[in-house]
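**Q** Give me a 3D structure for the following:
(chains A and B)
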Amino acid sequence: NAGVTQTPKFQVLKTGQSMTLQCAQDMNHEYMSWYRQDPGMGLRLIHYSVGAGITDQGEVPNGYNVSRSTTEDFPLRLLSAAPSQTSVYFCASSYSRGISNYGYTFGSGTRLTVV
Amino acid sequence: GENVGLHLPTLSVQEGDNSIINCAYSNSASDYFIWYKQESGKGPQFIIDIRSNMDKRQGQRVTVLLNKTVKHLSLQIAATQPGDSAVYFCAENVDSSYKLIFGSGTRLLVRP
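**A** Residues are numbered from 1 along each chain as shown, chains lettered A, B, ... in the order given. Predicted structure coming up:
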């Protein structure tokens, strides 16, 4: 049981390049989400998914696309990288909102630099 | 939009003392709150949560207090240890959705 796995851990892009940040979970969680964390700040929600085939926008969705073809995977695509997208990206998952705690599990992050 | 904020950006405590980290939230519809701990280079780690129908919840060495009247949340850490040094975030969940809104964080420094 690996939890939430993010790849790559580090990435440097040139302005205008595109790339996909990978996120996979092996806990059969319904809910997955992507956050970005800028220096000295909290996490801001980019996109989220409540199940395979269902995605929605968070607080800061511009410049990012997502898809959820399987329960396990939730990739985040940068269409045309900009320096403002330099950040640390975290993927998180949880089983269900339910009555008890959500049990959000976070990955270890991808540090992205756009030059 | 809704905002979850923290009163103190940095808190320095002596090892063995108790720590109190505060958080203010602005959305009265928030019904679930979580405290996370984030160590350098790692993702946030769940510490403790509380639902809006409670005002106190205790875990191992940690207690969360919720005051809905003034929209205030606090995390108390008993007998603070060097391993508690990290950034602590509160997060709120609004209107029974899946989305969590995070505060900006408080850095806890434990002096030996």
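**Q** which stretches of chain B have low pLDDT?
**A** Counting by pLDDT under 70, chain B contains low-confidence residues at B:1-8, B:95-98.
**Q** An error on my part: the question was meant for chain A.
**A** Checking chain A against pLDDT under 70 turns up A:1, A:96-103.
**Q** Contacts only, for the closest residue in space to A:S49 that isn't next to it in sequence.
**A** Computed as C-beta to C-beta, 6 or more residues apart in numbering or on different chains, the closest residue to A:S49 that is not its neighbour in sequence is A:R68, at 4.2 Å. Every C-beta, even on glycine, is put in place using the N, C-alpha and C of the backbone. Contacts for A:R68 were tallied using C-beta atoms under 8 Å, 6 or more residues apart in numbering or on different chains; they are A:M32, A:S49, A:G51, A:A52, A:G53, A:I54, A:T55, A:F74.
**Q** likewise A:T71?
**A** So A:T71 contacts A:N28, A:H29, A:E30, A:G51, A:A52 (C-beta under 8 Å, 6+ apart).
**Q** so what's the third one up against?
**A** In this case it means A:E30. A:V50, A:G51, A:T71, A:S94, A:Y95, A:S96.
**Q** just B:M54 next, same as before
**A** B:L66.
**Q** repeat for A:K9
**A** Counting by C-beta under 8 Å, 6+ apart, A:K9 has contacts A:S108, A:G109, A:T110, A:R111.
**Q** pretty sure A:Y64 contacts A:L78?
**A** Yes: applying C-beta atoms under 8 Å, one finds A:Y64 in contact with A:L78, separated by 6.3 Å.
**Q** just to revisit the earlier point, just checking, which of the contacts of A:K9 belong to strands?
**A** A:T110, A:R111 (DSSP state E).
**Q** near chain B too, which of the contacts of A:K9?
**A** A:S108, A:G109 (C-beta under 8 Å from any C-beta of the partner chain).
**Q** Of the contacts of A:K9, grab the buried ones for ChimeraX.
**A** Those of those that count as buried under 16 or more other C-beta atoms under 10 Å in any protein chain shown are selected in ChimeraX with:
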select /A:109,110
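**Q** Could you export the contacts of A:K9 to a markdown table, including columns for distance to B:F33?
**A** Formatted as a markdown table, those follow (distance: C-beta to C-beta, whole Å):
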| residue | distance to B:F33 |
| --- | --- |
| A:S108 | 24 |
| A:G109 | 23 |
| A:T110 | 27 |
| A:R111 | 28 |
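**Q** between the contacts of A:K9, which is nearest A:R44?
**A** A:R44 lies nearest to A:G109 out of those, by C-beta to C-beta, at 13.8 Å.
**Q** Identify the residues contacting the closest one.
**A** A:G109 neighbours (C-beta under 8 Å, 6+ apart): A:Q6, A:K9, A:Q37, A:V88, A:Y89, A:F90, B:G41, B:K42, B:G43.
**Q** Tell me the spacing between the fourth one and chain B.
**A** To chain B, A:V88 is 9 Å away according to C-beta to the nearest C-beta, to the nearest Å.
**Q** in the sheet, who's paired with A:T5?
**A** For A:T5, the beta-bridge partners are A:A24 (DSSP bridges).
**Q** from what I can see it touches A:M27, true?
**A** No: the criterion here is C-beta under 8 Å, and A:T5 misses it with A:M27 at 10.9 Å.
**Q** hey, what's in contact with both of these two?
**A** By C-beta under 8 Å, 6+ apart, no residue touches both A:T5 and A:M27.
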